[in-house]
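Trainee: Fold the following and give me the result.
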Amino acid sequence: MSAATTIVGQISRLEKETAAFKIQLDDIDNQLKSVTNEPDRRILYKIAETLKADVEEKESKLAHLRKENRKTTLAAIFIFIILILFYVFIMSPLKQNKKSEN
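Mentor: Numbering: from 1, shown residues only. I've put the predicted structure just below:
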């Protein structure tokens, strides 16, 4: 992942990858229903286990990224509120004092 990639972009990419893995898992499940050859079934089970592990890993990363995104959003909101309060309580009275002096 590049440093320029945003959290939202990473979340979107991971959601797409997770969806693709889930589609592959569904395909493998369908294949398992029709395959009777035991060696082929074992191979499909191993592939399914690998995909399930990948899905769990991606979902874990998604949960972490969503948590980071919430933190970033809250920090931005907090800074915005501080700027508004600064303007209302410091800048507005200064402007009113200048008007009253003139």
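Trainee: where along this protein do the strands fall?
Mentor: Ranges of strands in the chain, per DSSP state E: none exist.
Trainee: for it, which spans come out with low pLDDT?
Mentor: Applying pLDDT under 70 to the chain picks out residues 1-4, 99-102.
Trainee: which stretches of it form helices?
Mentor: Per DSSP state H, the chain carries helices over the ranges 7-34, 38-86, 92-101.
Trainee: In a markdown table, list these along with mean neighbour count.
Mentor: From N, CA and C alone the C-beta is placed, and that goes for glycine too. Output for the helices of the chain, formatted as a markdown table (neighbours: other C-beta atoms under 10 Å):
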| stretch | mean neighbour count |
| --- | --- |
| helix 7-34 | 14 |
| helix 38-86 | 12 |
| helix 92-101 | 9 |
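Trainee: Make sure Ile11 is actually in contact with Asn69.
Mentor: Yes. Counting by C-beta atoms under 8 Å, Ile11 touches Asn69, with 6.7 Å between them.
Trainee: what residues are shared contacts of the two?
Mentor: Residues touching both Ile11 and Asn69 (C-beta atoms under 8 Å, 6 or more residues apart in numbering): none.
Trainee: contacting residues for the residue nearest to Gln10 when sequence neighbours are not counted?
Mentor: Among residues not flanking Gln10 along the chain, Leu65 sits closest, at 5.5 Å (C-beta to C-beta, 6 or more residues apart in numbering). Residues near Leu65 by C-beta under 8 Å, 6+ apart: 7, 10-11, 14.
Trainee: is it possible to export the residues you listed to a markdown table including distance to Asp40?
Mentor: Listed next are the contacts of Leu65 as a markdown table, based on distance: C-beta to C-beta, whole Å:
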| residue | distance to Asp40 |
| --- | --- |
| Ile7 | 41 |
| Gln10 | 36 |
| Ile11 | 36 |
| Leu14 | 31 |
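Trainee: Return the member of the residues you listed nearest to Lys61.
Mentor: Lys61 lies nearest to Leu14 out of those, by C-beta to C-beta, at 5.8 Å.
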